[in-house]
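Undergrad: A predicted structure for the sequence below; I have some questions about it.
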Amino acid sequence: MEQNEISVWDPFVRIFHWSLVLTFTIAWFSGDELEVLHINAGYAVLGLVLLRLVWGFVGTHHARFRNFVYPPAEVKGFLRDTLRQRARRYLGHNPAGGAMIILMLMSLVITTVTGVAYYGIEDGAGPLAMLAGMPEAGEEMLEEVHEFFANLTVLLVVVHVIGVIFESRFHHESLIKAMLTGRKRA
Amino acid sequence: MNIRVFVFSTIALAGVTGLLLTGVSGAGNERGDYDEHDGEVYEHEAVRDMAEQGDILSLEQILQNARQYRAGRILETELEEKGGELVYEVEILGDKGEVWEMKFDARSGALLEEEQED
């Protein structure tokens, strides 16, 4: 470890982050064509998100929700400061980054749960197989909601990546590298 | 590394790897004779035999049926078991280039569902 660098992101957070990138990407691209792969990638996304939600309460310092969920006013303030180029640097997630994590997790929960429910109704399989035979209107609505939130997640990811690049430039440090090594300048 | 970090990391890695390997191996035989997640997908020979024995309507009868609902080129047909029922899936290319997926009850020939694919 270089001098003046400290450990910020624990191994679980990093494995979670990059596994989620991989599994969500696979689920996204296999959506229409490769059903088996899509469903398994979706289960992996759901499992990762559930683990992350638990880790948000029992995990290491910077992984806990209480350490990166800020009141909306503070998120707004941070974004305003960012536009004026005087936002301060945070060692863990900054308020906007924290809010983005919450949005992405919620969007992914809705996407995966409606996916599992749709699979149950449509094919009578999976953990929600007991939903088979529900009215067709419900099935179509689930499909629409599933697709909407999958698309919303992609949109959030784009904004997240833009935020990361912007923040990395502004504070002259690679946040991408930090998410790989877990370490940041102290 | 503390024990909680280790446990969570191991579960995450093992889970992701396991599910993806299942998905990758399952996806390989997607057009094969058995699709573990979607009930059985039947081979042409099996479909013909079942139709000859009178268990289900033949593909020809289903296609005739499908054409009454929608004109266009047939892109794909499949006999599949869904939730314990045998279902014919027929994909038809519409005149604006759109793809319609129709599902028919394999025994009665009744149209169960029709939707435009996106």
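TA: Here it is on my side, so go on.
Undergrad: which stretches of chain A have low pLDDT?
TA: Judged by pLDDT under 70, chain A has its weakly predicted residues at A:1-3, A:32.
Undergrad: for it, which residues are neighbours of chain B?
TA: For chain A, the residues in contact with chain B (C-beta under 8 Å from any C-beta of the partner chain) are A:10-12, A:15-16, A:19, A:22-23, A:26, A:30, A:32, A:34-41, A:43-44, A:47-48, A:51, A:54-55, A:58-60, A:122-126, A:129, A:132-133, A:136, A:140. Where C-beta positions appear, they are placed from N, C-alpha and C, glycine not excepted.
Undergrad: rerun that using 7 Å as the cut-off
TA: Chain A comes close to chain B at residues A:10-12, A:15-16, A:19, A:23, A:34-37, A:39-41, A:43-44, A:47-48, A:51, A:55, A:58, A:60, A:123-125, A:132, A:136, as judged by C-beta under 7 Å from any C-beta of the partner chain.
Undergrad: what subset of those is buried?
TA: A:10-12, A:15-16, A:19, A:23, A:34-37, A:39-41, A:43-44, A:47-48, A:51, A:55, A:60, A:123-125, A:132 (16 or more other C-beta atoms under 10 Å in any protein chain shown).
Undergrad: by residue count, which helix of the chain is the longest?
TA: As the question left the chain open, I've gone with chain A. Ranked by number of residues, the top helix in chain A under DSSP state H is helix A:136-170.
Undergrad: try again with chain B
TA: helix B:3-28.
Undergrad: other SSEs contacting the next helix or strand after that one?
TA: Next in sequence after helix B:3-28, counting helices and strands by DSSP states H and E, comes helix B:44-52. If you count contacts as 3 or more C-beta pairs under 7 Å, 6 or more residues apart in numbering or on different chains; DSSP states H and E, helix B:44-52 packs onto no helix or strand.
Undergrad: name the residues that touch helix B:44-52?
TA: Identification of contacts with helix B:44-52 by C-beta atoms under 7 Å, 6 or more residues apart in numbering or on different chains yields B:Ile56, B:Leu57, B:Ser58, B:Leu59, B:Leu79.
Undergrad: any buried residues in it, and which?
TA: Neighbour-count burial for helix B:44-52 [16+ other C-beta under 10 Å]: B:Val47, B:Met50, B:Ala51.
Undergrad: what's the answer for stretch A:126-136, then?
TA: A:Gly126, A:Leu128, A:Leu131, A:Ala132.
Undergrad: surely A:Ala27 and A:Val45 touch.
TA: Yes: in terms of C-beta atoms under 7 Å, A:Ala27 counts as a neighbour of A:Val45; the distance is 5.9 Å.
Undergrad: distance of A:Asn40 relative to A:Leu142?
TA: 19 Å (C-beta to C-beta, to the nearest Å).
Undergrad: one more: A:Leu50?
TA: Where A:Leu142 is concerned, A:Leu50 sits at a distance of 20 Å (C-beta to C-beta).
Undergrad: which of those two has more residues huddled nearby?
TA: A:Leu142 (22 against 14; other C-beta atoms under 10 Å in any protein chain shown).
Undergrad: quick one: the more buried one and B:Leu112, what's the gap?
TA: For A:Leu142 relative to B:Leu112 (C-beta to C-beta), the value is 17 Å.
Undergrad: all set, thanks.
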